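>>> Structure here, sequence nowhere to be found:
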């Protein structure tokens, strides 16, 4: 062993002294060993760090230097059989140096296989790393204690950190997704693009973006509200974004359900055939549906400037407000009544109104709801019905009067006939007592009296009664067929009464053949064929 300032060996003619000055100025330890693990050279740093004894007799072996770390050296030597260099880190544990990093390179020097090892003191580095890891762990512990989801992404849209809440809710693990672009983590590329647009806005403007409502990346049935802020380094340069998300799925579902409910209410509200209006407790109109606006011919904005009393006639004034007062005093909470409203064009509209009170969460009267049914057509129908009933009544009275006249006429006829019969009977009684010449004269007189009482008097009575019952018959048939004779007019009247040919012949003292010919002439004038029903045709008039 050499006793120079350096630990120095001189195997055969190989001399390292020319390199000593160079190695001694390197700020880490350098040792050169041979294939038998004997140390051939060590610089000043190595002597100091590794506690090499420059006065020791004999050779210094690597094993004595590394002690408990010798197995790592043996593993390194085995690796050097294949590779030209290898390294390891070890806990050296001396007062001078606690942690080392050894890098060894295989070389050939003057035909000898040698190993030159460079040893760095990494004690402070390990301390700083441990401190950094501790700080990181502490920071992660703080992040993991936050119930909200926290995540960090870089400027390339890659996840670089997340807290426990984020991992548990998304099912993503940092080890599996760290460094991956978010677009690769979901099948919904549009959703990932929307995330990235928000991130870019924060990165490019340097301003936070808050209250972003978006579905979760791994389960779009869950919703979150997210704030994103810039993530900066110590120099203030933006390195990405930090996101804070809170699960609002229940709130979102409730809001969606409320919106659906409101849409259904609005649909029912606007499609109702009856008018609906909502007011405050002072009667000021707050909201109306389409039917209410169409009924009164106002638009929605105009009605919100009015109160119920503005559209109510004076005789119905404050009808709704009276109901509100009753409800506030503990009276009924719903009521139905008829009234009128005044339309925009100043028309009175009869309506049926149903009012009821809406209560707030404290069970206090809050608003008034009014449903309005238009009674215009109903009132007109009632008026028409009354008019028809009056006409029907008048017609019945007229018919009764006609029937009374008919009855009186028949009674008169009966009295006259009875008188005629009595007269004939009396004359016949006298005739029995008369001579033959006088009998012939009396019989002729009786025949004249009978003929006089059975022709025109009867027809005049019949025509009067018929005209009363069928007031428009003659006018209508004359208008359609103005060329009818008086006899044809009589035949038409008898046929309308559905009298048989024989009956007409008896009444008119004509033969059946004459009546049949008269019917044929009448059919021709009315342009009817033999197949047409004459009586049915005349009943049209």
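Thanks, I have it. This structure is a prediction, so every number in the text was calculated from the model and none was measured.
>>> Tell me which stretches of the stretch 101-250 of the chain form strands.
Using DSSP state E, counting those that start in this stretch, the strands found in the stretch 101-250 of the chain span residues 112-121, 149-154, 159-162, 209-215, 223-232, 238-247.
>>> Please render the ones you listed as a markdown table that adds mean pLDDT to the earlier fields.
Supplementary listing: the strands of the stretch 101-250 of the chain in a markdown table, determined by pLDDT from 0 to 100:
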| stretch | mean pLDDT |
| --- | --- |
| strand 112-121 | 91 |
| strand 149-154 | 90 |
| strand 159-162 | 86 |
| strand 209-215 | 90 |
| strand 223-232 | 91 |
| strand 238-247 | 90 |
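>>> what's the most buried one of those?
Comparing those by mean neighbour count (mean count of other C-beta atoms under 10 Å), strand 149-154 ranks first with a mean of 21. To be clear about C-beta, it is placed using only N, CA and C from the backbone, and glycine gets the same treatment.
>>> mind listing what residue 364 touches?
For residue 364, no residue counts as a contact, taking C-beta atoms under 8 Å, 6 or more residues apart in numbering as the criterion.
>>> avg pLDDT for the helix or strand harbouring residue 423?
Taking DSSP states H and E as the criterion, the element that holds residue 423 is helix 376-433. Mean pLDDT, computed over helix 376-433, is 68.
>>> export the strands of the stretch 101-250 of the chain to JSON lines and tack on distance to residue 72?
Converted to JSON lines, the strands of the stretch 101-250 of the chain look like this (distance: least, C-beta to C-beta, whole Å):
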{"stretch": "strand 112-121", "distance to residue 72": "12"}
{"stretch": "strand 149-154", "distance to residue 72": "37"}
{"stretch": "strand 159-162", "distance to residue 72": "33"}
{"stretch": "strand 209-215", "distance to residue 72": "52"}
{"stretch": "strand 223-232", "distance to residue 72": "40"}
{"stretch": "strand 238-247", "distance to residue 72": "38"}
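>>> Select, out of those, the one closest to residue 92.
Smallest distance to residue 92 across the strands of the stretch 101-250 of the chain (C-beta to C-beta): 8.6 Å, for strand 112-121.
>>> Quick one: list the elements packing against the closest one.
strand 29-34, helix 44-50, strand 99-109 (3 or more C-beta pairs under 8 Å, 6 or more residues apart in numbering; DSSP states H and E).
>>> for residue 172, what are its contacts?
159, 162, 166, 185, 218.
>>> now do residue 480
Applying C-beta under 8 Å, 6+ apart, we find residue 480 in contact with residue 541.
>>> Residue 167 now?
173-174.
>>> Now for residue 251, how many residues are close by?
The number of residues packed near residue 251 is 13, by other C-beta atoms under 10 Å.
>>> so residue 359 bridges to which residues?
Following DSSP bridges, residue 359 is listed with bridge partners residue 365.
>>> hang on, it packs against residue 365?
Yes - taking contact to mean C-beta atoms under 8 Å, the distance of 6.1 Å between residue 359 and residue 365 places them in contact.
>>> element containing the nearest residue to residue 275 once chain neighbours are set aside, please.
The spatially closest residue to residue 275, leaving aside those adjacent along the chain, is residue 292, at 3.2 Å (C-beta to C-beta, 6 or more residues apart in numbering). Secondary structure assigned from DSSP H and E places residue 292 in helix 290-296.
>>> List the buried residues of that helix.
291-293, 295-296 (16 or more other C-beta atoms under 10 Å).
>>> Quick check: the closest residue to residue 41 other than its chain neighbours vs residue 51, distance?
Closest residue in space to residue 41, ignoring its immediate chain neighbours: residue 32 at 4.1 Å, by C-beta to C-beta, 6+ apart. For residue 32, the distance to residue 51 under the criterion C-beta to C-beta, to the nearest Å works out to 18 Å.
>>> neighbour-wise, which of these two wins?
For the pair residue 32 and residue 51, the greater number of neighbours falls to residue 32 (21 against 13), based on other C-beta under 10 Å.
>>> which residues does the more buried one contact?
Residues counted as contacts of residue 32 (C-beta under 8 Å, 6+ apart) are 16, 39-42, 114-117.
>>> Need those residues in JSON lines (columns: distance to residue 123).
Rendered in JSON lines, the data for the contacts of residue 32 read as follows (distance: C-beta to C-beta, whole Å):
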{"residue": "16", "distance to residue 123": "28"}
{"residue": "39", "distance to residue 123": "22"}
{"residue": "40", "distance to residue 123": "27"}
{"residue": "41", "distance to residue 123": "24"}
{"residue": "42", "distance to residue 123": "20"}
{"residue": "114", "distance to residue 123": "28"}
{"residue": "115", "distance to residue 123": "24"}
{"residue": "116", "distance to residue 123": "23"}
{"residue": "117", "distance to residue 123": "18"}
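>>> Low-confidence ranges, the stretch 151-300 of the chain, go.
Low-confidence segments of the stretch 151-300 of the chain, defined by pLDDT under 70, are absent; every residue clears the threshold.
>>> what about 90?
Counting by pLDDT under 90, the stretch 151-300 of the chain contains low-confidence residues at 159-195, 213-224, 233-236, 244, 246-275, 277-283, 289, 291, 300.
>>> domain ranges for this protein?
Domain assignment for the chain by automatic domain parsing gives 7-123, 146-252, 273-374, 416-538.
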